[in-house]
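Chemist: got a sequence here, can you model it:
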Amino acid sequence: MAPKIGSNSDRSYSATAEVMTSSDINRVISRIAHEVIEQNRGCTELVVVGLQTGGVWIAEALCNLLAEIATFPCAVGSLDISLYRDDHALRPLIKSSSTDVPVSVHGKTVILVDDVLFTGRTVRAALEAILNFGRPKAIQLAVMVDRGHRELPIRPDYVGKNLPTSRSEVVEVSEQGVKILKEVGNAS
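Modeler: A predicted model of the protein is given here:
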């Protein structure tokens, strides 16, 4: 989850640019829904799973649109990957979000949804976590923003916006839009 404008522990951030509005967000979710339907020839065997916390609201909006467009009920869930992360030394382990995968993923196509794709480590953890729920036919990845800087060979299937950033910048995604934040006092 991106830090809020203001402070995050001992760091302060300020918005430097708004790159997407709420209208843009809605258009992107609609486009991704149509791409998912086209890629999967409908959506009778799809399970949409949002990664806690930033991907959950996007997954819910995507699933609602998929159900509306394809006129088929869409299964949506949420996944907390904190126990599967490989950076416990850098981030404190706080299990505060819930996991809810309401249907079996066995034999289905799972669409993992997140707000920002950065190093790929969160997605790696999500892949490991989702396999504990069964053996999907396929796993696809949808992200609102791909900001680059990959450390693992992870590539999204559906991208809202490719947004090159510096490592010192933070991308904040919400229903109101997408903002790039820069650490206050950080000149890079």
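
Chemist: show me which helix or strand of the chain is least confident by mean pLDDT.
Modeler: The weakest-scoring helix or strand in the chain, judged by mean pLDDT, DSSP states H and E, is strand 6-8 (a mean of 42).

Chemist: so which elements touch the lengthiest helix in the chain?
Modeler: Across the chain, the longest stretch assigned as helix under DSSP state H is helix 22-40. Under the contact criterion of 3 or more Cβ pairs under 8 Å, 6 or more residues apart in numbering; DSSP states H and E, helix 22-40 touches helix 56-70, strand 138-146, strand 158-162, strand 177-183. Every C-beta, even on glycine, is put in place using the N, C-alpha and C of the backbone.

Chemist: who does whichever helix or strand comes after that helix touch, helix- and strand-wise?
Modeler: Toward the C-terminus, helix 22-40 is succeeded by strand 46-51 as the next helix or strand (DSSP states H and E). In terms of contacts (3+ Cβ pairs under 8 Å, 6+ apart), strand 46-51 is packed against helix 56-70, strand 75-79, strand 109-117, helix 121-130.

Chemist: now do the buried residues in the longest one.
Modeler: It stands for helix 56-70. Going by neighbour count (16 or more other Cβ atoms under 10 Å), the buried part of helix 56-70 is 56-63, 65-67, 70.

Chemist: send me that helix as PDB with only the CA atoms.
Modeler: Extracted in PDB, the C-alpha atoms of helix 56-70 (Å, rounded to 0.1, in the frame of the first residue of the first chain):
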ATOM      1  CA  VAL A  56      -9.100  -5.500  -3.400                       C
ATOM      2  CA  TRP A  57     -11.300  -2.600  -4.500                       C
ATOM      3  CA  ILE A  58     -10.000  -2.900  -8.100                       C
ATOM      4  CA  ALA A  59     -10.800  -6.600  -8.100                       C
ATOM      5  CA  GLU A  60     -14.300  -5.900  -6.800                       C
ATOM      6  CA  ALA A  61     -14.900  -3.300  -9.500                       C
ATOM      7  CA  LEU A  62     -13.500  -5.500 -12.200                       C
ATOM      8  CA  CYS A  63     -15.600  -8.500 -11.100                       C
ATOM      9  CA  ASN A  64     -18.800  -6.300 -11.100                       C
ATOM     10  CA  LEU A  65     -18.000  -5.200 -14.600                       C
ATOM     11  CA  LEU A  66     -17.200  -8.700 -15.800                       C
ATOM     12  CA  ALA A  67     -20.500  -9.900 -14.400                       C
ATOM     13  CA  GLU A  68     -22.400  -7.000 -16.000                       C
ATOM     14  CA  ILE A  69     -20.700  -7.400 -19.500                       C
ATOM     15  CA  ALA A  70     -20.600 -11.200 -19.700                       C
END
